[in-house]
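Peer 1: When you get a sec, could you give me coordinates for this:
(chains A and B)
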There are 2 protein chains.
Amino acid sequence: MTMAKRDTYTPDSLLAVAVEVFIERGYDGTSMEHLSRAAGISKSSIYHHVRSKEELLRRAISRALDGLFGVLEEPGATGGRAIERLEYVTRRVAEVLLDELPYVTLLLRVRGNTDTERWAMERRREFDHRVAELLMEAAADGDLRPDVDIPLATRLLFGMINSIVEWYRPGRGTSRDEVAEAVVRTAFAGLRTS
Amino acid sequence: MTMAKRDTYTPDSLLAVAVEVFIERGYDGTSMEHLSRAAGISKSSIYHHVRSKEELLRRAISRALDGLFGVLEEPGATGGRAIERLEYVTRRVAEVLLDELPYVTLLLRVRGNTDTERWAMERRREFDHRVAELLMEAAADGDLRPDVDIPLATRLLFGMINSIVEWYRPGRGTSRDEVAEAVVRTAFAGLRTS
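Peer 2: Numbers count the residues shown, from 1 in each chain, chains lettered A, B, ... in the order given. Prediction:
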């Protein structure tokens, strides 16, 4: 048994530890005991910071969602032609995902067994819906290929963006900006020479 | 306790049951007891069909891999300009994924704790590498946008295709062919009017 270390955690630094454990073991598979061991502080020290495991999940997911919904309020997402706003949002969503990688990874993995998870899934659907609306506007402007099926295109677009959490490792090779740029170009211009 | 039913399973029908349980509980979280309950036959009946849980995993993953590697041997994948072969392979991989949905879902979820899982991951990398080679050939022919980063494009392409397992539910709305067509058009022509 290792000595418990002095509790010098801030809410953010404790959250960062919890999120790593949630991703590794799954939220359901994580106990307060696991969190205590990973943080190197006692369970009662953890309860000094948060009321429950679910509160940690809610904070982590809020951080991811705040980042994503924040994008929709930025000037690039609110002014200009729909296709430009759509490309802006796509790039920024990829950037937020890369900047908040563990938090967004957790958001994408929750499956809905608790109130917090159901809320997270509901907010994700809401976000997808806001992006689908942008696709509809761009289609109405004649800026999307006429054969684009909006719900399907929305899923494929997020499929491409969200897949980043499966393979991206910070500091190895490709930079955040290169990844975000590649997502935008692939999704909107396609890989083929036109 | 429910009565065990008579064992009328074929290797394929028992495999189908096992794969559903593996996807629901995770491979590590599945015991022979879980499989016995899901199949409605005794553990010894299951051992009459297979030597171990890992043999079921290997058979399931082989089925997915045989489908995927089979695509690379088809005439559309072996003759003609690289960009055409690449689009053909993309469409067919999406089709195989949809036709063999549970088997490919399982393949995409394994994480490498057993020899079979490590082998599956190795074969997946090999498959990705074969597709990356097609992208390189197409780039050399001048048929890909000059700014395409091959490893990154390969990941985004598979990210888009593989995301299908997260949302596609057979028989609801979009057909297999529509999904495969949308993947090819989005990836190669892009969403935007050119």
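
Peer 1: what about chain A, any weak spots by pLDDT?
Peer 2: Residue ranges of chain A with pLDDT under 70: A:1-4.

Peer 1: ok, which stretches of it are helices?
Peer 2: Assigned by DSSP state H, the helices in chain A fall at A:11-25, A:32-39, A:43-49, A:53-73, A:75-78, A:82-99, A:101-109, A:115-140, A:150-162, A:164-167, A:176-189.

Peer 1: Can you tell me which of the ones you listed is nearest to chain B?
Peer 2: Nearest to chain B, of all the helices of chain A, is helix A:150-162, at 2.5 Å by CB to the nearest CB. Every C-beta, even on glycine, is put in place using the N, C-alpha and C of the backbone.

Peer 1: list the buried ones in that closest one?
Peer 2: Residues A:150, A:152-162 are the ones in helix A:150-162 that count as buried (16 or more other CB atoms under 10 Å in any protein chain shown).

Peer 1: out of these, which one sits closest to B:E137?
Peer 2: Of all the buried residues of helix A:150-162, the one with the least separation from B:E137 (CB to CB) is A:M160, at 22.4 Å.

Peer 1: who are the neighbours in contact with the closest one?
Peer 2: If you count contacts by CB atoms under 8 Å, 6 or more residues apart in numbering or on different chains, A:M160 has them with A:183, A:186-187, B:156, B:159-160, B:163.

Peer 1: repeat that for 7 Å
Peer 2: Applying CB atoms under 7 Å, 6 or more residues apart in numbering or on different chains to A:M160 gives the contacts A:183, A:186-187, B:156, B:159-160.

Peer 1: Could you export the helices of chain A as a markdown table, including distance to B:E74?
Peer 2: Converted to a markdown table, the helices of chain A look like this (distance: least, CB to CB, whole Å):
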| stretch | distance to B:E74 |
| --- | --- |
| helix A:11-25 | 38 |
| helix A:32-39 | 48 |
| helix A:43-49 | 56 |
| helix A:53-73 | 40 |
| helix A:75-78 | 43 |
| helix A:82-99 | 33 |
| helix A:101-109 | 33 |
| helix A:115-140 | 33 |
| helix A:150-162 | 24 |
| helix A:164-167 | 27 |
| helix A:176-189 | 25 |
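
Peer 1: so which of those gets nearest B:L135?
Peer 2: Checked against CB to CB, the stretch from the helices of chain A lying closest is helix A:176-189, at 11.6 Å.

Peer 1: tell me the domain boundaries of chain A?
Peer 2: A:11-50, A:60-189 (automatic domain parsing).

Peer 1: which one of these lies closest to B:T30?
Peer 2: Nearest to B:T30, of the domains of chain A and by CB to CB, is domain A:11-50 at 14.2 Å.

Peer 1: So which bits of that closest one are buried?
Peer 2: Neighbour count says domain A:11-50 has A:14-15, A:17-19, A:21-23, A:27, A:30, A:34-36, A:39, A:41, A:45-46, A:49-50 buried, by 16+ other CB under 10 Å.

Peer 1: Show the end-to-end separation of it, please.
Peer 2: Length of domain A:11-50, first residue to last, CA to CA, to the nearest Å: 8 Å.

Peer 1: quick check, that domain touching chain B?
Peer 2: No: for domain A:11-50, no contact with chain B is found by CB under 7 Å from any CB of the partner chain; the gap never falls below 8.3 Å.

Peer 1: The domains of chain A into TSV, with extra columns for distance to B:P170?
Peer 2: Compiled in TSV, the domains of chain A are given as follows (distance: least, CB to CB, whole Å):
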stretch	distance to B:P170
domain A:11-50	27
domain A:60-189	15
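
Peer 1: Show me what from chain A comes close to chain B.
Peer 2: Going by CB under 7 Å from any CB, the residues of chain A near chain B are A:83, A:142-145, A:147-149, A:152-153, A:155-156, A:159-160, A:162-163, A:167, A:174, A:178-179, A:182-183, A:185-194.
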